[in-house]
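A.B. asks: Coordinates for the following, if possible.
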Amino acid sequence: PEFKVNIFNMDYSSFEDEKILAIEDNFLAEFSKARNEKYPTTDFTFRKLRRDDYDRGFLFALSHLSPSDHITKEEYEDVFDRIQKFKIYRIVVVVDNAKDIVVGSCTIFFELKFIRNLGKVGHMEDLSVHKEYNGLNIGRQLIHVIRELSRINQCYKAIFDCREELVKFYNLNDFEKKEVQMVWYNKGYLEGIQEEPVIMHAKL
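C.D. replies: A predicted model of the protein is given here:
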C-alpha cells in the first residue's frame, strides 16, 4: 500500500518536533490498517520499538543477523534508553498481534549534512524477519515503511548496505546499486580488548 501524508508547512528544525513524530505514528497506524485489510488472514502491527519489546522476543527476531539473544533484559533496556536520548533513531518492529511477539524489525537513523543544502540522509540498517514468517512480504513492507519515514523527515536519499546476492531484491524495492561499501573492523573490540588509539601508523 502507498500512503500520502501532508508533510509540508512543518517545522523541521529538530527531530524532536512533536508534529513529525505524530505524522510518523499516524503513518505506521494507517499502514498497519491497510496492510491487514489487504491480507486479512494475518494481523500485524507496524510500530516503533518499545522498552518492553524485550519480552516480545525482539532480540530473537534479530538473531539471524547476528547472535543477540544472549543479551539480558537489563542490557537491552540500557541500550534502548540511550538510543531514545539521541532522537535520530527510528526502530520499526512488526508485531504478530495473535501471539504478541515481534517477528520483524528494521532501523533508520538520520544524518545531518553540511552539503546538499544542509540535507539529511537516512541510513537503513538491520532488516530482519523471523524465518517462520518468510513469504508474507514483511521484508518488503518494512523497507517501504522505513523509506517513507525518511521521506517524512525530508531526507534527500536513504542508504541500505546489503550482500551482493540481495541486490536484486532491493532493486525490486526501488533501490539502485551505487558505489561500493568499505569496512574497517575494530579487531580489539571484537576480541574484547580495549586498545589505545594509534597516533601514527607505520605505513604513514
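A.B. asks: Remind me which helix or strand the most centrally placed residue in the chain belongs to.
C.D. replies: In the chain, the centroid-proximal residue (Cα atoms, centre = their mean) is T107; its distance is 1.1 Å. If you go by DSSP states H and E, T107 is part of strand 101-112.
A.B. asks: Check the offset of the worst-scoring helix or strand of the chain on mean pLDDT from the chain's centre.
C.D. replies: Across the helices and strands of the chain, mean pLDDT, DSSP states H and E gives its lowest value to helix 187-190, namely a mean of 84. Centroid separation for helix 187-190 versus its chain: 25 Å, with Cα atoms, centre = their mean, to the nearest Å.
A.B. asks: Skipping its backbone neighbours, what lies nearest F60 in space?
C.D. replies: Closest residue to F60 apart from its sequence neighbours, by Cβ to Cβ, 6 or more residues apart in numbering: D69 at 5.1 Å. Just so you know, the C-beta spots here come from the backbone N, C-alpha and C atoms, and that holds for glycine as well.
A.B. asks: Output the below-cut-off pLDDT ranges for this protein.
C.D. replies: 1-16 (pLDDT under 70).
A.B. asks: in it, which spans are strands?
C.D. replies: 44-48, 89-96, 101-112, 120-129, 157-160 (DSSP state E).
A.B. asks: For the longest helix anywhere in the chain, buried residues please.
C.D. replies: Determined from DSSP state H, the single longest helix within the chain is helix 18-38. Residues of helix 18-38 classed as buried by neighbour count (16 or more other Cβ atoms under 10 Å): I20, I23, E24, F27, L28, F31, S32, R35, N36.
A.B. asks: just to revisit the earlier point, list of residues touching the least confident helix or strand of the chain?
C.D. replies: Q194, E195 (Cβ atoms under 8 Å, 6 or more residues apart in numbering).
A.B. asks: Buried residues in it, which are they?
C.D. replies: Residues of helix 187-190 include none that count as buried (16+ other Cβ under 10 Å).
A.B. asks: would you put the C-alpha positions of it in PDB?
C.D. replies: Output of helix 187-190 as PDB, limited to C-alpha atoms (Å, rounded to 0.1, in the frame of the first residue of the first chain):
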ATOM      1  CA  LYS A 187      39.700  -6.100  15.900                       C
ATOM      2  CA  GLY A 188      40.400  -5.100  19.500                       C
ATOM      3  CA  TYR A 189      36.700  -4.500  20.200                       C
ATOM      4  CA  LEU A 190      35.800  -7.800  18.500                       C
END
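A.B. asks: Can you give me the separation between E196 and G188?
C.D. replies: For E196, the distance to G188 equals 9 Å [Cβ to Cβ, to the nearest Å].
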